[in-house]
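Trainee: how would this look folded up:
(one chain, ligands or ions: 1)
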Amino acid sequence: MSLQSTGSNGGGLAKRRVIVTGSACGLGAAFVEVLAQEGAQVVIGGDVLHAEDQALADRLGANMHFEKLDFADPADIDSLVQKAAQKIGGIDSLINNAAITNSGGWLAGELSIETWDAVMNVNVRGHMAHEYRGAALSA
Ligand SMILES: NC(=O)c1ccc[n+]([C@@H]2O[C@H](COP(=O)([O-])OP(=O)(O)OC[C@H]3O[C@@H](n4cnc5c(N)ncnc54)[C@H](O)[C@@H]3O)[C@@H](O)[C@H]2O)c1
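Mentor: From the prediction side, this is the model:
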């Protein structure tokens, strides 16, 4: 996989300060791998898969930082953004990738209330909260 920046900051991903959520597996882990190869500073915002996330951070080196993150918990989101500010001085980009991905394929009425709430808290509220908190650091 390769990524190319076309932004107005001169291009390239080197030294970019990026948060990737849901980075323990799947697309999130692939994003982190490419960002690491390109020399970005990546804050890894993990989730319930702490061990997998930490193993990825350990393998990829010193520019990688692992922080605990449950996207359903607003306090975790605040904590992640604050730690990003402390460790790398701000944020250039957010890759809001974390999601509950095994809830599709059913009609809304077929989902339990617990599943509905969990999906909304992570996939909707979590994403919005992270974008607003993160935007404050990118100003
Ligand atoms: N794979 C596809 O074809 C596809 C297509 C369209 C959109 N997407 C989107 O891309 C993203 C990644 O997809 P994927 O296929 O890699 O999914 P995945 O299920 O493999 O990975 C999702 C990641 O989010 C994490 N996560 C789940 N709940 C969390 C929580 N409460 N807090 C923090 N992290 C949590 C998971 O542990 C996992 O690391 C998702 O947002 C998905 O909706 C994927």
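Trainee: switch to C-alpha atoms for all contacts and neighbour counts from now on
Mentor: Fine.
Trainee: And the residue nearest the centre of the protein?
Mentor: The residue at the geometric middle of the chain, judged as the C-alpha nearest the mean C-alpha position with C-alpha atoms, centre = their mean, is Thr21 (1.4 Å).
Trainee: Could you report the separation of it from Leu27?
Mentor: According to C-alpha to C-alpha, to the nearest Å, Thr21 stands 10 Å off from Leu27.
Trainee: hey, what's in contact with both of these two?
Mentor: Here Thr21 and Leu27 share the contacting residues Asn97, scored by C-alpha atoms under 8 Å, 6 or more residues apart in numbering.
Trainee: before we move on, the earlier item: do I have it right that the residue nearest to the centre of the chain meets Val48?
Mentor: No: contact criterion C-alpha atoms under 8 Å: Thr21 and Val48 do not qualify, at 11.5 Å.
Trainee: and the one helix or strand Glu33 maps to, does that touch the ligand?
Mentor: Following DSSP states H and E, one finds Glu33 within helix 26-37. Yes: in this structure, helix 26-37 sits against the ligand according to C-alpha under 6 Å from any ligand atom; the contacting residues are Gly26, Leu27, Gly28.
Trainee: Make a PyMOL selection of whichever of those residues turn out to be buried.
Mentor: A single PyMOL command suffices to select whichever of those are buried according to 16 or more other C-alpha atoms under 10 Å:
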select buried, resi 28
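Trainee: circling back to that earlier point, intersection of neighbour lists for Thr21 and Val48?
Mentor: Looking at what touches both Thr21 and Val48 (by C-alpha under 8 Å, 6+ apart), the common residues are Leu69.
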